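Chemist: I'll drop the sequence and a predicted model, then ask my questions.
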Amino acid sequence: MLLQVKEVVLEKMLKKIILPVIALVIVFAQDKAHAFEVGAEADYWFTSLSGDIKSGTSGTTLDFKDNLNMDGYNSAGINVHIELGDHLLSIGYTPLSYSGTTTLSSLINVQGSQFNADIKSGLRLNMTDVQYTYWLVNSSMGAFAKVALSGIGVGYSGNSFIDAMAAIEVSPLPFVGISLGYRTVTFKLDTDDAELNANVSGLFVGFFANF
């Protein structure tokens, strides 16, 4: 049995913020009082998964850990950004994949079929996100370090996506550095095929270059 969540809902949610993003690009071009920066970062995220999934409208709700025995997964992602003062526009890609094998202790319903045996399940989430960030905290910790907090929340027709991050960035050399932080992402998705409530959280480390 393979439980796979589609990306259609997230795509629709992201379309809701395309016009505000375009407007922000115009603001960037007009604001010449602050330093302009273009950069890229590669992150390695040590994630922990929690939540549940139900396949179909009449399916059994299954907990990722208790029922499906899904293992943890560490993800490598990439992000490119344009920054002007406290404003940041970024495009990122983070693939997530979880799997588990377990023996069912009771009968379950999945997409109209019933199971009571050994099953193998999987959950794949490929996050491609475009987001604007205004740094609520973007303070210097001397010449080579800063601490930053950011977050984004999107809602669409009963679905939601929340992504929050806190990080310390250290740049011992000009234009390059490393980051250490904590990221948490919460999904609530309802498609024709599945209902998903999930949280992915954990520490991350990254390497970045700014120009």
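Modeler: Structure received. What you are looking at is a predicted structure, and each value in this text was computed from that prediction instead of being measured. Numbers count the residues shown, from 1 in each chain.

Chemist: Regarding this protein, what is its longest strand?
Modeler: strand 36-55 (DSSP state E).

Chemist: Which helix or which strand is home to the most centrally placed residue in the chain?
Modeler: If you average the C-alpha coordinates of the chain and look for the closest C-alpha using Cα atoms, centre = their mean, you land on V185, 5.0 Å from that point. V185 belongs to strand 176-190 when elements are defined using DSSP states H and E.

Chemist: Neighbouring strands - and their directions - for that strand?
Modeler: The strands that strand 176-190 pairs with in its sheet are strand 159-173 (antiparallel), strand 194-210 (antiparallel) (by DSSP bridges).

Chemist: Turn these into CSV, including mean pLDDT, mean neighbour count and distance to G100.
Modeler: In short, each C-beta sits where N, CA and C put it, glycine included. Written out in CSV, the entries for these read as follows (pLDDT from 0 to 100; neighbours: other Cβ atoms under 10 Å; distance: least, Cβ to Cβ, whole Å):
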stretch, mean pLDDT, mean neighbour count, distance to G100
strand 159-173, 88, 16, 24
strand 194-210, 91, 18, 14
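
Chemist: between the ones you listed, which one is nearest to I78?
Modeler: When these are ranked by proximity to I78, the top entry is strand 194-210, at 9.6 Å, counting by Cβ to Cβ.

Chemist: lowest average confidence, helix or strand, in the chain?
Modeler: Every helix and strand of the chain was ranked by mean pLDDT, DSSP states H and E. The lowest is helix 18-30, at a mean of 39.

Chemist: Would you reformat the strands paired with strand 176-190 as TSV and include distance to A145?
Modeler: Output for the strands paired with strand 176-190, formatted as TSV (distance: least, Cβ to Cβ, whole Å):
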stretch	distance to A145
strand 159-173	5
strand 194-210	13
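
Chemist: if we compare these, which one ends up closest to Y134?
Modeler: The nearest among the strands paired with strand 176-190, by Cβ to Cβ, is strand 159-173 at 13.5 Å.

Chemist: angle of the closest one against strand 36-55?
Modeler: With axes from the mean of the first three to the mean of the last three Cα atoms, to 10 degrees applied, the angle from strand 159-173 to strand 36-55 works out at 140 degrees.

Chemist: Tell me how far strand 159-173 lies from the chain's centre.
Modeler: Using Cα atoms, centre = their mean, to the nearest Å, the mean C-alpha position of strand 159-173 is found 11 Å from that of the whole chain.

Chemist: what bridges to F187?
Modeler: With DSSP bridges as the criterion, F187 is bridged to F161, A198.

Chemist: how close does it get to S201?
Modeler: Computed with Cβ to Cβ, to the nearest Å, the distance linking F187 and S201 is 12 Å.

Chemist: ok, now N210?
Modeler: Computed as Cβ to Cβ, the N210 to S201 distance reads 27 Å.

Chemist: and what of A76?
Modeler: Per Cβ to Cβ, A76 is found 17 Å from S201.

Chemist: same question, V185
Modeler: Relative to S201, V185 is positioned 7 Å away (criterion: Cβ to Cβ).

Chemist: Low-confidence bits of this structure, can you list those?
Modeler: Counting by pLDDT under 70, the chain shows low-confidence ranges at 1-35, 111-112, 116-117, 135-143.
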